[in-house]
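Chemist: build me a model from this:
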Amino acid sequence: MTEAHAFPQARGGCQCGAIRFTIAPGLAKASLCHCRMCQRASGNVFVPLYEIPAERIAWQGVEPQEWASSNISQRGFCPTCGTPLYLRTGDTYEIMAGCLHPDFPFTPADQGGMEARSTWLDALAKIPSHDTTPALLAQVVSNQSAE
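Modeler: Predicted coordinates:
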């Protein structure tokens, strides 16, 4: 487990905008989880998580729904668009970093669940990369919240 570091205020929310949140500045832990449960909960190969105490988060809009993914934790999501928002264990939230505002300085300091880590991740730095083409972006009409 990583040590907590000081982070600024954070803002974020779900894809459709029905749920927004603000996290007060303070100590937090930024990490990546590769465990099979996080993979399945996010539909991805790993989850970047921002761990904070519950008293630091203020929810706005629709109340998140929760599902008990295990006997010790709940997974929170938007009931409108289905965006996975967090893992909650007791009074601790681990916010999915993709829900944070894009300018938030999220820098993971630890990785867990390495027993399920996808080995092809090692090759990412060698694979050619590109931006989304302007022609494709011009065709897209997004239903996502602007925030």
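Chemist: got a list of what Ala18 touches?
Modeler: The contact partners of Ala18, taken as Cβ atoms under 8 Å, 6 or more residues apart in numbering, are Gly61, Val62, Cys78, Pro79, Thr80, Cys81. The C-beta positions use only the backbone N, C-alpha and C, and glycine is treated the same way.
Chemist: which of the residues you listed count as buried?
Modeler: Buried by 16 or more other Cβ atoms under 10 Å: Val62, Cys78, Cys81, out of those.
Chemist: from Pro102, how far out is the residue most central in space within the chain?
Modeler: Central residue of the chain (Cα atoms, centre = their mean): Met96, 1.4 Å from the mean position. Distance from Met96 to Pro102, counting by Cβ to Cβ, to the nearest Å: 14 Å.
Chemist: and Pro79, by the same measure?
Modeler: 24 Å.
Chemist: likewise Gly43?
Modeler: Taken as Cβ to Cβ, the span from Gly43 to Pro102 is 20 Å.
Chemist: now the strands: where do they sit in the chain?
Modeler: Remark: strands assigned in the chain by DSSP state E are 5-7, 10-13, 19-23, 26-33, 47-53, 57-61, 65-68, 74-77, 84-89, 92-96, 111-112.
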